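Asks: any chance you could fold what I've pasted below:
(chains A and B)
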Amino acid sequence: MKRTLLTGNGAAAWGARLAGVEYLPAFPITPQTEIIETIARWIDFGEMDCRMVTLDSEHSMITAAGAAAVTGVRVFTATSSQGLLYGMEMLYTVAGWRAPFVLVNVSRGLASPITLEPDHNDILAARDSGFLQLHCATCQEVLDCILLAYRLAEDERVRLPVIVNLDGFYLSFTREPVEIPDAESVARFLPPFDPENLGFRAGAPLSEAVAVIGGTPYSYFRYQSHLAALNAVDVFAENAAAFAQAFGRTYQAVEAYHCDDAELVFVMMGSFATKAKEAVDRLREAGEAVGLLRPVLLRPFPAADFRRALSGKKGVIVVDQNLSMGKGGVLHTELASALYGYPGTTPVLVSFIGGLGGRDISAEEFYEMHAVTRQAVSEKRAPAPRLLYTEVELREMKKIQAIARVQGLKEQQT
Amino acid sequence: MYRIRFHGRGGQGMKTASRILGTAFFHAGFEVQDAPRYGAERRGAPMFAYVRAARQTINERGIIRHPDLVIVADDTLMGTPTAAVQQGITGQTVMLIHSSEQAQVWRSRLNLAGPVFILPAFEAARDRLELRYIGTACAAAAARLIGVFSWSSLEKALREELAGLGESVVEKNLPHAQQAYDLMESHQGTVTPGAAVTAESFTQPKWIDLSFESARRAAPAIHAAGTSEQMKTGLWRTMRPIIDRAHCKHCWWVCSTFCPDGVIQVDAAGCPQIDYAHCKGCMVCVSQCPNHAIEVVSEQAAQLAEKAGESK
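Replies: Okay, here's the model as predicted:
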């Protein structure tokens, strides 16, 4: 074991290296490319025994990853934002093959307008694909979640691909202390991929990716994937217990921070959730009973964990770093569906949209979201969803629009 | 928690400086976070890098709003608004500026309330992007101003972070780091860790409700040609190409055709004119001119000469 400073991308590369990945189909995209560059260097210097192939697109890359995984080799690949969406057809397809491998997505806001900094609309576009999803808040988690993801993907109760998500810039290019476990301990936690139950053998014909006509076989196959995904809640908990024993770090499907005696609870995912942790610490210093819940596992959605943790709470401050056009925050929607109709007092859910395209969320804004939610609790009524956007930002926006000669269009507006 | 921000130009080694400082903090037992911000990466453009260091786990993330220490490797950025060197500085913020001017000059020019220290320009380079040791010097001076770890921690960090460049590079950097470190000896410990924003009393964010606007306004479109003229990319230039009229053969097309940014126009008299507000200083024109009629001068020297000309 060695504790050192690594970027999120460096931690992802280490995760793949320690997992002993054998095949790496690759295509570059900012802010992910450093992962592939790091692994390529290791392969070049003979420090890692892995076959790396550069493909012509993410579409081909995900196809290659799925095809290799169903032959029984351990596969790793990585992409980001536009790349993930370019490969979207194959995300659904290879998940349907039940191909177990790990894909790292480095979150970055989607076009249009095109941008570089992170939000979660890219990864949430893959929400219904059949890939399971793990969301990281620190560089350490990136490494650890990749190891957890392989155990989850390859478990015969699951056998689905897994996306490990980390935020661009805030994790990808940010160095933090990371414990790199030694290879022997990892090999005990994650033995080489046993392809026994894949059924692929030389000389024994096997057709993947069959076509079906009619809803009967289609429904069967699709629902089987859903059942496998649901199994992953318990399998994740088992694996996390084994992980804690091997490496001393504990993971839960939903991380709870100061929640036991909390009246109000923040719900956030990804690296911005550590900012919420900081806010919880400061608010507690000011005498507020507040906590944080953070889903590490987003698919399958740990609904029962949320119900347990939020039972008896007065208010929930849901901060979505994503936006479903015409609906609002995805996490808010999912949480509401998990809580609605169950016995016990349902807390007031207050929805905030913040951090789109990497827009920072200040400490003061966390405190204010808390204050707004307290008010909502006392009025027993949730206010309209709020975009975190200030007067100063709008002024800045108007300046940009002036440069783009938008003001000349005013008269045509009405 | 210590919150430290390095400002420089892409290519001046500020990312490396932040990593040297981060690693030194880490070896001294601190929890650390360091990261660079380039925007769309480009050589010569303003960039920054930051370091957070604390004795406990760091949960803060992203840009530093109120730095305890700001290091400026290139004083030509001080007056460049896009570099945002002064963003969030308070009376407690220590400024360390690599400059040939005195601290008092910067203090009065920018009306700075906090301590200002100068890292004198001890390295001669025509091109500011060729300052080879400015990164290590800035990291070392910053380390001394912070003053919580020893020279040996810093040296170890420097050796680690520069290891990929080879042993001879490390050996050439060390004396410059040592010199900058020694220079700040009497100011050791001037930088103190800042406090977090308290939740007891805080300034309410002024949120607004974004209201609907027609897609004619609200779609991300630019409604006129040439608006990128307002982006003064000439600020990225550290060296300036100057056409020597005596040697220019008025061939009218070579330099203007090869210029990748289209900033060389040929006037009615057949003379090429460089638009310095947008020339990034790539020097493609210099290498293409068949008559060697384009000279290269340091941007700073050229600006000083211009100013002197104006005052005459």
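
Asks: any part of stretch A:373-388 near chain B?
Replies: Yes. Stretch A:373-388 lies within reach of chain B by Cβ under 8 Å from any Cβ of the partner chain, at A:Arg386, A:Leu387, A:Leu388. All C-beta atoms are positioned from the backbone trio N, CA, C, and that covers glycine.

Asks: neighbour-wise, give me the winner out of these.
Replies: For those, neighbours were counted by other Cβ atoms under 10 Å in any protein chain shown; the highest total belongs to A:Leu388, with 21 neighbours.

Asks: on that earlier part again, just name the closest of the residues of stretch A:373-388 next to chain B to A:Tyr23, please.
Replies: Sorting those by distance to A:Tyr23 puts A:Leu388 at the head of the list, at 41.9 Å, by Cβ to Cβ.

Asks: state the distance from the spatially closest residue to the closest one that is not a sequence neighbour to A:Val75.
Replies: Ranked by Cβ to Cβ, 6 or more residues apart in numbering or on different chains and with sequence neighbours excluded, the top spatial neighbour of A:Leu388 is A:Gly354, at 3.6 Å. In this structure, A:Gly354 and A:Val75 are 35 Å apart, going by Cβ to Cβ, to the nearest Å.

Asks: more neighbours: those two, which one.
Replies: Set side by side, A:Gly354 and A:Val75 give different neighbour counts by other Cβ under 10 Å, the larger being at A:Val75 (31 against 22).

Asks: what residues does the stretch 151-300 of chain A have near chain B?
Replies: Residues of the stretch 151-300 of chain A lying near chain B (Cβ under 8 Å from any Cβ): A:169-170, A:173-177, A:271-272, A:274-275, A:277-279, A:281-283, A:285-286, A:288.

Asks: could you rerun that using 10 Å?
Replies: For the stretch 151-300 of chain A, the contact set with chain B under Cβ under 10 Å from any Cβ of the partner chain comprises A:167, A:169-177, A:257, A:271-288, A:290.

Asks: and the residues you listed, which of them are in helices?
Replies: Helix and strand membership here follows DSSP state H; of these, those in helices are A:272-285.

Asks: output stretch A:192-205 as PDB, nothing but the C-alphas.
Replies: Presented in PDB, the C-alpha positions along stretch A:192-205 are these (Å, rounded to 0.1, in the frame of the first residue of the first chain):
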ATOM      1  CA  PRO A 192      -8.800 -13.000 -12.500                       C
ATOM      2  CA  PHE A 193     -12.000 -12.900 -14.500                       C
ATOM      3  CA  ASP A 194     -13.500 -16.400 -14.500                       C
ATOM      4  CA  PRO A 195     -15.400 -16.700 -17.800                       C
ATOM      5  CA  GLU A 196     -16.900 -20.100 -16.900                       C
ATOM      6  CA  ASN A 197     -20.500 -18.900 -17.000                       C
ATOM      7  CA  LEU A 198     -20.100 -17.000 -20.300                       C
ATOM      8  CA  GLY A 199     -20.300 -20.100 -22.300                       C
ATOM      9  CA  PHE A 200     -17.700 -19.000 -24.900                       C
ATOM     10  CA  ARG A 201     -15.400 -21.700 -26.000                       C
ATOM     11  CA  ALA A 202     -13.300 -22.400 -29.100                       C
ATOM     12  CA  GLY A 203     -15.200 -24.900 -31.300                       C
ATOM     13  CA  ALA A 204     -18.500 -24.400 -29.500                       C
ATOM     14  CA  PRO A 205     -20.800 -22.100 -31.600                       C
END
